[in-house]
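1. Structure of the sequence below:
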Amino acid sequence: MEGLEEKLKGLSIARRSRPEEPTYLLDVALQSTGLLAVSCSDFAVHVHDKDTLDQLGECRGHDKPLCGVVFSRRSPGFLYSGSADGTVKGWDVRCPATEPAQMFKSDPSHSYCSFDLSCSDTLLCAGTEQVNDEDSFLVFWDVRKPGAGLLGVYSESHSDDITQVRFHPRDKDRLASCSTDGLVNVFDLSRGAEEEALLATCNSDSSAGSVCWSGADYTQLLCLSHDEGLHLWDLGQLDTEEPLTIFSSSDARGLTPLADRGGVDYLVGGSWLEDAQKLLVVGGKNSGDLHLMECDNRGLHLLRSLKGGHASTVRCFLWDAAEEALVTGGEDAQLLLWKPGGEDLASAKRESKKSESALKLKSRPHKKHGYQREKKEARQDNE
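-> Numbers count the residues shown, from 1 in each chain. Now for the predicted structure:
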């Protein structure tokens, strides 16, 4: 089988797409039957053909920043979007201009900054921003009962913004969450109550920004922090005396020397490539250049650099295993498709198209060390 590095060497730009109005592209999701969904900083979700990148429609219904998009696996015509407006909405992408087909809410004080759908397509989970200076919540719904209200709430495991929740790709009851309180938690939801469901807590020692399930049986967990730290843990060691940490760095930007002897300026995210059995981490330069790296127990290793595509920071990517293609989106409003031997048939000037409104996109300051949980415990000790 051709190695991952050889596959990536053949990547070049096959298609470009830009919305009519400049906007940041924040997150991208792939539908099994050939669509892409892209969340944008103007609170809209754009629906594209994955091969041509032609925009086929859009879903508008949120009035605050989006926190992600995800397609249903068993009903691929159904798409979910979450938002800081305190809603998760379900859309029928066969008629994306209509009103949402489903809507999920919790307490009016809740503002969501992350959400995900379980691999069984039955459970939605959203993570809230911090409420009342000390609380944050994981809220759950049964998607088969959109009018039934909340299925449950976890309230004790995080004390600050829950920046990402990720269901396990194969185990419908396994959930990982991370927060600006620095903690990464793993739950077994089949155990019910929060205290019993909490299997493990890992500390990123910083403001945790994203998590990614990885490893041959998805027993590993990658965490990237807001200050570009990287941590890889092996949850298969939970019931042993072996350490969980496979690799850890408080600043991963300089781990992979580039041609200019410098490092990447930021990390975009990670993705486990099932066919290659490799953990792909994407980093970038502020100029728009991308660097594809493998992550293992030795750290990061450069596989391929992609230049000439984006003109500013890249916010999202996904790997299309069926096509062995990469999709990237960023702050230059460009959605790019990179394929082996691709030819840029929709070429355009490589220039930033940041709009004034996009530059004002809400960005929360993240605490790095003075975590609310520590402050709360200190207050209790003093009482």
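2. ok, for Asp227, nearest residue in space, not its chain neighbours?
-> Leaving out its chain neighbours, the residue that sits closest to Asp227 by CB to CB, 6 or more residues apart in numbering is Ser206, at 5.5 Å. Glycine gets a C-beta too; all of them are placed from N, C-alpha and C.
3. what's the neighbour count on that neighbour?
-> 23 (other CB atoms under 10 Å).
4. okay, now Thr245: neighbour count?
-> 13.
5. For it, name its beta-bridge partners.
-> Thr245 forms beta bridges with Trp233, as assigned by DSSP bridges.
6. Spit out the contact partners of it.
-> 231-234 (CB atoms under 8 Å, 6 or more residues apart in numbering).
7. hmm, back to that, wouldn't the residue nearest to Asp227 be in contact with Ser225 here?
-> Yes - counting by CB atoms under 8 Å, Ser225 is a contact partner of Ser206 at 4.1 Å.
8. Which parts of the stretch 201-350 of the chain are strands?
-> With strands called from DSSP state E, counting those that start in this stretch, the stretch 201-350 of the chain shows them at 208-214, 220-225, 230-234, 245-249, 266-273, 278-284, 290-296, 299-306, 314-320, 325-330, 335-340.
9. which residue ranges form the helices in the chain?
-> Secondary structure of the chain by DSSP state H: the helices cover 4-9, 194-197, 356-359, 372-382.
10. how near is Gln175 to His168?
-> Actually, residue 175 is Leu rather than Gln. 7 Å (CB to CB, to the nearest Å).
11. Which residue of the two possesses the greater neighbour count?
-> Per other CB under 10 Å, whichever of Leu175 and His168 has more neighbours is Leu175, with 24 against 20.
12. Correct me if wrong: that one contacts Val186.
-> Yes - applying CB under 8 Å, one finds Leu175 in contact with Val186, separated by 7.3 Å.
13. Now do the shared contacts for these two.
-> The contact sets of Leu175 and Val186 do not overlap (CB under 8 Å, 6+ apart).
14. hang on, the earlier thing: quick check, pLDDT for the residue nearest to Asp227.
-> pLDDT for Ser206: 96.
15. Also Gly147?
-> Gly147 is given a pLDDT of 78.
16. just Arg144 next, same as before
-> pLDDT, Arg144: 90.
17. now swap in Lys362 and tell me
-> Per-residue pLDDT puts Lys362 at 39.
18. just Glu383 next, same as before
-> Per-residue confidence (pLDDT) for Glu383: 47.
19. All further residue positions should be reported with the first residue as 697.
-> Sure, I'll start numbering at 697, so the last one becomes Glu1079.
20. Correct me if wrong: Leu894 contacts Ser853.
-> Yes - contact between Leu894 and Ser853 holds when scored by CB under 8 Å: they sit 6.0 Å apart.
21. With neighbour numbers in mind, choose between those two.
-> Neighbour count, other CB under 10 Å: between Leu894 and Ser853, Ser853 has more, with 21 against 16.
22. Now do the same contact list for that one.
-> By CB under 8 Å, 6+ apart, the contact list for Ser853 reads 834, 873, 879, 881, 883, 890, 894, 897.
23. Could you measure from it over to Val964?
-> In terms of CB to CB, Ser853 sits 27 Å off from Val964.
24. Where does pLDDT dip in this protein?
-> 697-698, 792-793, 1039-1079 (pLDDT under 70).
25. what residues are shared contacts of Leu894 and Ser853?
-> Common neighbours of Leu894 and Ser853, using CB under 8 Å, 6+ apart, are 881, 883.
26. Report how many residues lie close to Leu954.
-> A total of 15 residues lie near Leu954 under the criterion other CB under 10 Å.
27. where's the residue nearest to it when sequence neighbours are not counted relative to Cys874, distance?
-> Excluding its sequence neighbours, the residue lying closest to Leu954 (CB to CB, 6+ apart) is His987, at 6.5 Å. Applying CB to CB, the value for His987 to Cys874 is 23 Å.
28. Of these two, give the one with the bigger neighbour count.
-> Neighbours per residue (other CB under 10 Å) separate His987 from Cys874, with Cys874 holding more: 29 against 24.
29. Just give the closest residue to the more buried one, not the sequence neighbours.
-> Ala904 (3.7 Å).
30. Does the one you found touch Leu879 like I think?
-> Yes - shown here, Ala904 and Leu879 form a contact pair, counting by CB under 8 Å, at 7.1 Å.
31. Between the two, which has more neighbouring residues?
-> Of the pair Ala904 and Leu879, Ala904 is the one with more neighbours under other CB under 10 Å, namely 30 against 21.
32. now the more buried one: how far from Arg862?
-> Per CB to CB, Ala904 is found 12 Å from Arg862.
33. Would you point out which residue is most central in this protein?
-> Ser906 (6.1 Å; CA atoms, centre = their mean).
34. Would you confirm that that residue contacts Thr859?
-> Yes - in terms of CB under 8 Å, Ser906 counts as a neighbour of Thr859; the distance is 6.9 Å.
35. who touches both of the two?
-> Joint contacts of Ser906 and Thr859 (CB under 8 Å, 6+ apart) are Cys874.
36. Quote the end-to-end distance of stretch 935-942.
-> Counting by CA to CA, to the nearest Å, you get 16 Å between the two ends of stretch 935-942.
37. Could you do stretch 951-970 as well?
-> 24 Å.
38. Kindly report the same for stretch 920-934.
-> Taking CA to CA, the first and last residues of stretch 920-934 lie 21 Å apart.
39. isn't Glu830 right up against Glu852?
-> No - the criterion here is CB under 8 Å, and Glu830 misses it with Glu852 at 11.2 Å.
40. Report the separation between Trp837 and Ser810.
-> From Trp837 to Ser810 the distance is 14 Å (CB to CB).
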